[in-house]
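Student: Provided below are the primary sequence and the corresponding predicted coordinates.
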Amino acid sequence: MRNYPIWIDIQSCAYANKPYTKTGNKSYGINQHGTQKINVGYSAFNSHEFGQLEFSVQEDAQAGIKTFQLSFIDAHTGQKTLLKRSLVAQKTKEHIPLIGLEDQFEYVDGVQPSKGVKMSPDGAIMIGLDNARS
């Protein structure tokens, strides 16, 4: 097995190896960048673009640091939002989170809406990115 700077584990019913099981998994590695396009709808013929997840890694060999990024591109607006950025130092193997949108969201289970979270008239929680970084 090769070593990859980014490793993706997917758990989904789409990969269940037996018809009566509910989940299965696949995994793959990424050397520099990867994109996952997400469509939503009722079928392959009735689906609509939702967005894309982008994963990337850039290496600064002199500093001995790799920078990892996870971004989301909204299919409706085309806006790219940086969801997470972090560093890994080669010498110390330390993972250093630099940016995340944890302060932009609230947990849905029983938490009152606050910055970035709005309630629709029917009581559904809508999560927004009022102060998103990109």
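Tutor: Alright, I've got the coordinates. Source: prediction; values computed, not measured. Residues are numbered from 1 along each chain as shown.
Student: Now do the buried residues in stretch 33-42.
Tutor: Within stretch 33-42, no residue is scored as buried using 16 or more other Cβ atoms under 10 Å. (Each C-beta comes from the backbone N, C-alpha and C, glycine too.)
Student: need the next SSE after the helix or strand that contains Q69, C-terminal direction.
Tutor: Element membership for Q69 (DSSP states H and E) is strand 65-74. Later in the chain than strand 65-74, the nearest helix or strand by DSSP H and E is strand 80-89.
Student: The strand holding Q69 vs strand 80-89, what angle?
Tutor: Relative orientation of strand 65-74 versus strand 80-89 (axes from the mean of the first three to the mean of the last three Cα atoms, to 10 degrees): 160 degrees.
Student: Can I get strand 65-74 in CSV, CA atoms only?
Tutor: What follows is strand 65-74, C-alpha atoms only, in CSV (Å, rounded to 0.1, in the frame of the first residue of the first chain):
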residue,chain,number,x,y,z
ILE,A,65,5.5,21.7,6.5
LYS,A,66,2.5,20.5,4.6
THR,A,67,-0.6,22.6,4.4
PHE,A,68,-4.0,20.8,4.0
GLN,A,69,-7.2,22.5,2.9
LEU,A,70,-10.9,21.4,2.7
SER,A,71,-13.2,23.7,0.8
PHE,A,72,-16.8,23.7,-0.4
ILE,A,73,-18.0,25.2,-3.7
ASP,A,74,-21.7,26.1,-3.8
